[in-house]
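Colleague: sequence first, predicted coordinates after that:
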Amino acid sequence: MELKNSLEQTYRGKKVFITGHTGFKGSWMVRVLQLLGAQVKGYALAPVYHNGLFDLLDYPSTMHSVIGDISDKKYLIQEITSFQPDFIFHLAAQPLVRESYNTPAETFHVNAIGTAHVLDAVRLLEKKCTLVCITTDKVYENKEWIHPYRETDELGGYDPYSASKAAAEIVIQSYRRSFFNPRNYASHQKSISVARAGNVIGGGDWSADRLIPDIIKALFQQQTVIIRNPASVRPWQHVLEPIIGYLQLAQKQHEDPIKFAGAYNFGPHTEDTLAVEQLVQLVLNTWGSGQYEVQINPNAPHEAGLLRLDITKSQLELTWKPRWNAETAISKTVEWYQEHKADIRAVTDAQIIAYFS
Ligand SMILES: NC(=O)c1ccc[n+]([C@@H]2O[C@H](COP(=O)([O-])OP(=O)(O)OC[C@H]3O[C@@H](n4cnc5c(N)ncnc54)[C@H](O)[C@@H]3O)[C@@H](O)[C@H]2O)c1
């Protein structure tokens, strides 16, 4: 519980603003912050699915939840400046690669311009504020090589989602240099970092076109699980890993706002970077039943094949490290879905406490 105590010292009683609090990662982050004693306010679109954590944990009555569009700059600025946050975690995004092929311009707008709107709001805060912008491991120009990507590697992006997140990073870099330059920290008091995490799994994700939700939905309906990219390798990790990583990063920025105003990768240990087919097999074994079938669509839009992340910087500078291996991450995920109709608050809280211990 050393980690929990340390985070509690930073976050207890602090004002924390989260964009994207109705989504999968945002919902977990809200619950962790509530358990740490923070005062949390969220800003996002209404949840798309009504069996996620946002509804099951009754956030509308346990936190300050604002339903709004990140494209509505005026409303966003009003909600941020009236709250006067100590910390901001920017998660709101169109986060799906396949959807980005259907709505490329909208994806660029929400992900890149939406980030600029958050940064404009931060410019108007006349107080110390720490901001973590959540992008993705997909911001790296993917060379389909075996080497894990480091924070200093080239940014790029083939599909519109990846490119929109790389674009968001360029927006952040420009604001950091132009308005929140660490050299002038004493005058603006803002520290801006970027967090790049790999693919996350965990209870409460019901998104379309994501592997775990697709598997779980098929298992509940006793259907065969269909997988389309069995050999794709991704840095899978439980959702609590990056969430705690973001909190540790912001904690470090709060203590040393200049040193930690940079980019950080959050991913699993090398041995837990699995191919899709391996992950599916592990999920079915843990679930206790079910079967899968590979159906490769030769006309499917391009998705990266091989993606590994180097997490040395986060391990050394933040003293963050992955706590759950792939097997534990999968068993916690399966446990959540199998029990989500029971007392989900107890199940969710128990998983958070187990993570800390
Ligand atoms: N899930 C992953 O595997 C993964 C991996 C790497 C990075 N990320 C990043 O983490 C963040 C959260 O992802 P998630 O998995 O929770 O996705 P999600 O789809 O579950 O949640 C997205 C959130 O963004 C909000 N949002 C979307 N469009 C908006 C708009 N126009 N205005 C206001 N809010 C809007 C949604 O309402 C929701 O709250 C995203 O920035 C995503 O790119 C996710």
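Modeller: Alright, I've got the coordinates.

Colleague: can you give me the strands in the stretch 201-350 of the chain?
Modeller: Here the stretch 201-350 of the chain has its strands, by DSSP state E, counting those that start in this stretch, at 225-227, 233-234, 237-238, 263-266, 274-275, 292-294.

Colleague: check the offset of the longest one from the chain's centre.
Modeller: I take that to be strand 263-266. 12 Å (C-alpha atoms, centre = their mean, to the nearest Å).

Colleague: kindly report the same for stretch 300-316.
Modeller: The answer for stretch 300-316 is 14 Å, by C-alpha atoms, centre = their mean.

Colleague: and if you look at stretch 262-278?
Modeller: The answer for stretch 262-278 is 14 Å, by C-alpha atoms, centre = their mean.

Colleague: buried residues in that stretch?
Modeller: Using 16 or more other C-beta atoms under 10 Å as the test for burial, stretch 262-278 gives G262, A263, Y264, N265, F266, G267, P268, D272, T273, L274, A275, V276. Yep, even glycine has a C-beta here, placed from its N, CA and C like the rest.

Colleague: what about the fourth one, distance to the ligand?
Modeller: Put plainly, it is N265. 11 Å (C-beta to the nearest ligand atom, to the nearest Å).

Colleague: please apply the same query to the second one.
Modeller: A263 sits 13 Å away from the ligand, going by C-beta to the nearest ligand atom.

Colleague: so what's that residue up against?
Modeller: Applying C-beta atoms under 8 Å, 6 or more residues apart in numbering, one finds that A263 lies in contact with E151, E169, S193, V194, A195, R196.

Colleague: go again with 7 Å.
Modeller: E151, V194, R196 (C-beta atoms under 7 Å, 6 or more residues apart in numbering).

Colleague: likewise the fourth one?
Modeller: Residues in contact with N265, defined by C-beta under 7 Å, 6+ apart, are D137, E151, R196, L309, D310, I311, K313, S314.

Colleague: nearest to the ligand among the residues you listed?
Modeller: Comparing the contacts of N265 against the ligand with C-beta to the nearest ligand atom places D137 closest, at 6.3 Å.

Colleague: what about the closest one, how many residues nearby?
Modeller: 23 (other C-beta atoms under 10 Å).

Colleague: wait, it sits on A195?
Modeller: No. The criterion here is C-beta atoms under 7 Å, and D137 misses it with A195 at 10.3 Å.

Colleague: for I18, see how far away K341 is.
Modeller: 26 Å (C-beta to C-beta, to the nearest Å).
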